[in-house]
Each structure stands twice: as structure tokens, then as C-alpha cells.
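Visitor: Generate coordinates for the sequence data below:
(one chain, ligands or ions: 1)
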Amino acid sequence: MLKFDDRVAVAVSGGKDSLTLLYILKKMLAQRNRTKLIAITIDEGIKGYRDESLEIVKDFCSKLNVDSKILSYDYLYGTDMDKAMVLRPSGKKMTSCSICGTFRRRAMDIAAESVGANVLATAHNLDDQLQTYMINVLAGDVERVGWIYPEPIRYSTNNIKKIKPFVEIYENEIAFYALQRQIPFQSEECPYMHESIRTQVRQFLNELEKEHPGIKYNAYNSTMRISKNLKSSMRPAASSKCAKCGRISNGKICSVCNTIKALRQVEY
Ligand code: SF4
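Guide: Model (predicted):
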């Protein structure tokens, strides 16, 4: 996934997965002194939740001697998650995590670009990937099932290589590693997380795994094959520039600008 002289932005939230990823990459790359790691952290603006993790990330990065950069939704979009929860129009299907996910993907791209990275590493694990697949199936969103083909390496429109080194690893194995290595991580849960069906899907898959060990890994392999086949049958989305912000978009207005428009209830 990595070349000798890559400049790698590691998306670090302060949770166990991302801090473990940073720790392992630092350890693995210690001998390759031309590979540079930079931790990037996105501050969603969630009071009482993000503050603790920002401190943990800051301390951990300084302990590992890794440079870090923080970008906030407020700085990028003029709103944060706490404000967005108040502003979102009722009647529209705007869940906390759908707003947050749209903002975060863009924020991570901008953060990686701003530190001159050519690789963006995220700590998505097998459980995340499987849950996302199931959420899309349950929502009837077949297109997205194709999009999420869980390739561990993908190239984005800004030519940044996106890698998911943990995509075949169970979440609880990463937690075990973090505890065993005494990696400090945030324990506080996001106050908005229960709006998403993800919590129920996670519990359901964990129950199944308890009764049938290995079932998540089997399901993951099936999802890979299904989404790969779907992806190859889909026409590539026509991409153009967003008329509002100028970034690459599949429509006239990109999803981030559309979300901001809905929150502020303005017309472009
Ligand atoms: Fe954002 Fe949802 Fe994660 Fe909270 S749980 S940080 S709202 S994506």
C-alpha cells in the first residue's frame, strides 16, 4: 500500500482504531525515514465529545513524534455538528451521521491536500465495512453497494491514494491490540450516534458472530464479491465541477454544498 517516499496523512479521530493505525504505521515505517506521516484530525464541533479526543490525539502525536493538523467543520463550512442538528429542516431525511459523513469525507480530502500528502490512510475495519454494506442494502441503495467496493486501495479525483490497512481486521482485535499496547483512546461515545441504524446493525452482527464465530469474515468476503461485480456493471459517474465550490462533483452542485444549502435554507 505504501511506497518508500510517500507522504501519508493518517486520519486520526482519537478512537482506538485510528490511534492504533498511527501507532502501527509509525512502528512499521521507523526504518523508512523517507516515508513521512502526518496525523490529520477533523473537529466536527460536538461539545463534550470531540474536546476529549483532541487532547488524546495531541498527546499521542507528540509522544510518537508525529506532526498533526486539525481542521474544523466550522472553519470549512461555517457550521458545526451541534449547530447543524439545530438547523436541519424537519421532514427531510438528514440524519446526524449522513450530514457528518458528507462533511467529513470532504474535510479529510482538504486536510490531506493541505499537508501535501499523496496518501490518505483511514482506519476503517472489517466491521465498519460490513455495517456500511448492510446499511446500504437495508436502505435499498444498490448504487452505493457498488460504490463501497471495499478495495483497500483507491485513487480519488485529487490523485490522493486512499488506503484502508485495517479493512480485513475485526474491530475487537484492534481494541485488544490497543489495550495490550496501552494505547490511550477516547471512551466517550458521540451523542448523535444512536440516530443511525448502524448501532443496531453492529449489535446484530456481533450477536451472530458470538453464535457463529467467523461469520463476519465470511460475510465480508461475500460483500467484496457482490460489490465488485456491481461496480463493474455500473457506468462511471460523470464528474464535473460543483458550480458553487468548484470541487469535483457528480452533479451540478456537490453533496457538501447541497447539505449546507439545506441547513441554511438558502437558494444557490
Ligand atoms: Fe459524526 Fe455520526 Fe460519528 Fe457522531 S457518530 S461523529 S455524528 S458520523
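Visitor: those strands in the protein, which residues are they?
Guide: 7-11, 36-43, 67-72, 119-121, 153-155, 161-163, 240-241, 248-249 (DSSP state E).
Visitor: what's near enough to touch the residue lying closest to residue 23 once chain neighbours are set aside?
Guide: Distances taken as CB to CB, 6 or more residues apart in numbering place residue 183 nearest to residue 23, at 5.6 Å, with adjacent residues excluded. No exception for glycine: its C-beta is placed from N, CA and C like everyone else's. Residues in contact with residue 183 (CB atoms under 8 Å, 6 or more residues apart in numbering) are 16, 19-20, 23, 60, 177.
Visitor: and the stretch 1-150 of the chain, which residues reach the ligand?
Guide: Taking CB under 6 Å from any ligand atom as the contact definition, the stretch 1-150 of the chain meets the ligand at 44, 81, 96-97, 100-101.
Visitor: Buried ones from those, can you make that a ChimeraX selection?
Guide: The ChimeraX command for the buried members of these (criterion: 16 or more other CB atoms under 10 Å) is given here:
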select :44,81,96,97,100
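Visitor: how far away is the closest residue in space to residue 208 that isn't next to it in sequence from residue 254?
Guide: Nearest residue to residue 208, sequence neighbours excluded (CB to CB, 6+ apart): residue 215, at 5.2 Å. Distance of residue 215 to residue 254, computed by CB to CB, to the nearest Å: 38 Å.
Visitor: what about those two, which has more around it?
Guide: Set residue 215 next to residue 254 and count neighbours by other CB atoms under 10 Å: residue 254 wins out with 23 against 13.
Visitor: And the residue of the stretch 101-250 of the chain closest to the ligand?
Guide: Closest residue of the stretch 101-250 of the chain to the ligand, CB to the nearest ligand atom: residue 190 (3.1 Å).
Visitor: which residues touch that residue?
Guide: Neighbour list for residue 190: 46, 49 [criterion: CB under 8 Å, 6+ apart].
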